[in-house]
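**Student:** Sequence first, predicted model second:
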Number of protein chains: 2
Amino acid sequence: MHSDRTPLYLDDLTVGDTFITGERAVTAEEIVSFAADYDPQVFHLDAEAAKETFFGGLAASGWHTAAITMGLLVRSGLPLADGLIGAGGDLSWPTATRPGDTLHVESVIESIVPSRSRPDRGIVTLRSETKTSDGEIRQLFTVKMVVFRLTPKGPQPV
Amino acid sequence: MHSDRTPLYLDDLTVGDTFITGERAVTAEEIVSFAADYDPQVFHLDAEAAKETFFGGLAASGWHTAAITMGLLVRSGLPLADGLIGAGGDLSWPTATRPGDTLHVESVIESIVPSRSRPDRGIVTLRSETKTSDGEIRQLFTVKMVVFRLTPKGPQPV
């Protein structure tokens, strides 16, 4: 497991490497505030009215869970030297984040594929699980990231 | 194309139905504000420093593009009677959202599968493209949603 914050380049990574972030508590206030901007649905906005919905109570937007996950990964997950640059991936929310949850993210490198056309980079597939302190899984995300080698000039704009 | 806001239930939907949202302009200030909370990386925070990165200038977090997309879908996309409830899906960001972009979302229903075990609902697969006014694609998301039938009691909490 990588546990320090030394900046990492493509050649520092190995399939099976794991990364565990710090924790972040999620409050009802934050759930409602995010939803008001980006996902204004009753089950994300109003704890009382949410009781009559699919969720049976206030639940965070899945996009809020995704955003919190990214914040944890950036602040205490993978210290990639040139940043966490995702091209996309497979996302699911087995359960919804609830007020009072404390989330962390556990990640593992599933594959590393050097680019054929651009020798300065590769595509790294990372599987991340966003979990509560009780181990309930709130999000699964398997992402393909662009990761750079250490080069004299660093990454070039595309 | 559905163009009014009549609440829709499972039996109101047909494969091939399309939905086009209104537009939302994205500012540099909003890009930086979202990133400060949820994706604090230099290419999302600092226009000048971002020039030396992969993006070559300030770019929105992909999660910001996703959140904006959801806001558009909720406010002017699919008027599902019991809400937009996504279980997960396949997400990609072919290009990054930039300051000054004006985004909208074009969606199409790809499949509708009634639940075998729960007759009050089905799984609807929706493919959404988030586009600029020039037609550049900023996000593709194919999501599986839980959609309810119109029933006397409405959906029950799970």
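**Tutor:** Thanks, I have it.
**Student:** Going by C-alpha atoms from here, please, whenever you check contacts or count neighbours.
**Tutor:** Noted.
**Student:** residues from chain A in reach of chain B?
**Tutor:** A:37-41, A:51-56, A:62-64, A:66-68, A:70-71, A:74-75, A:82-83, A:86-94, A:155-158 (C-alpha under 8 Å from any C-alpha of the partner chain).
**Student:** among those, which are in helices?
**Tutor:** If you go by DSSP state H, these have A:37-38, A:62-64, A:66-68, A:70-71, A:74-75 in helices.
**Student:** Please convert the buried members of these into ChimeraX selection syntax.
**Tutor:** Entered in ChimeraX, the line below selects the buried ones among these, by 16 or more other C-alpha atoms under 10 Å in any protein chain shown:
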select /A:38,62,63,64,66,67,68,70,71,74,75
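**Student:** pLDDT below threshold where in chain A?
**Tutor:** A:1-3, A:152-158 (pLDDT under 70).
**Student:** which residues of it fall in strands?
**Tutor:** A:18-20, A:24-25, A:86-92, A:102-114, A:121-132, A:137-148 (DSSP state E).
**Student:** Those strands into JSON lines, with extra columns for mean neighbour count and distance to residue B:142?
**Tutor:** Output for the strands of chain A, formatted as JSON lines (neighbours: other C-alpha atoms under 10 Å in any protein chain shown; distance: least, C-alpha to C-alpha, whole Å):
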{"stretch": "strand A:18-20", "mean neighbour count": "20", "distance to residue B:142": "28"}
{"stretch": "strand A:24-25", "mean neighbour count": "15", "distance to residue B:142": "28"}
{"stretch": "strand A:86-92", "mean neighbour count": "20", "distance to residue B:142": "10"}
{"stretch": "strand A:102-114", "mean neighbour count": "20", "distance to residue B:142": "23"}
{"stretch": "strand A:121-132", "mean neighbour count": "22", "distance to residue B:142": "19"}
{"stretch": "strand A:137-148", "mean neighbour count": "23", "distance to residue B:142": "14"}
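**Student:** quick one: which of these is nearest residue A:6?
**Tutor:** Between residue A:6 and the strands of chain A, the shortest gap by C-alpha to C-alpha is with strand A:18-20, which sits at 12.6 Å.
**Student:** Distance of residue A:79 relative to chain B?
**Tutor:** According to C-alpha to the nearest C-alpha, to the nearest Å, residue A:79 stands 11 Å off from chain B.
**Student:** now do residue A:125
**Tutor:** For residue A:125, the distance to chain B - C-alpha to the nearest C-alpha - is 14 Å.
**Student:** What number of residues are in the vicinity of residue A:7?
**Tutor:** Residues within reach of residue A:7, counting by other C-alpha atoms under 10 Å in any protein chain shown, total 12.
**Student:** Could you do residue A:134 as well?
**Tutor:** Residue A:134 - counted by other C-alpha under 10 Å - has 9 other residues nearby.
**Student:** what's across from the closest residue to residue A:92 other than its chain neighbours in the sheet?
**Tutor:** In space, and not counting its chain neighbours, residue A:92 is closest to residue B:88: 3.8 Å by C-alpha to C-alpha, 6 or more residues apart in numbering or on different chains. Beta bridges link residue B:88 to residue A:92, residue B:144, judged by DSSP bridges.
**Student:** Contact partners for residue B:88?
**Tutor:** By C-alpha atoms under 8 Å, 6 or more residues apart in numbering or on different chains, the contact list for residue B:88 reads A:90-93, B:143-145.
**Student:** List the beta-bridge partners for the residue nearest to residue A:140 when sequence neighbours are not counted.
**Tutor:** Among residues not flanking residue A:140 along the chain, residue A:129 sits closest, at 4.8 Å (C-alpha to C-alpha, 6+ apart). Beta-bridge partners recorded for residue A:129 (DSSP bridges): residue A:106, residue A:140.
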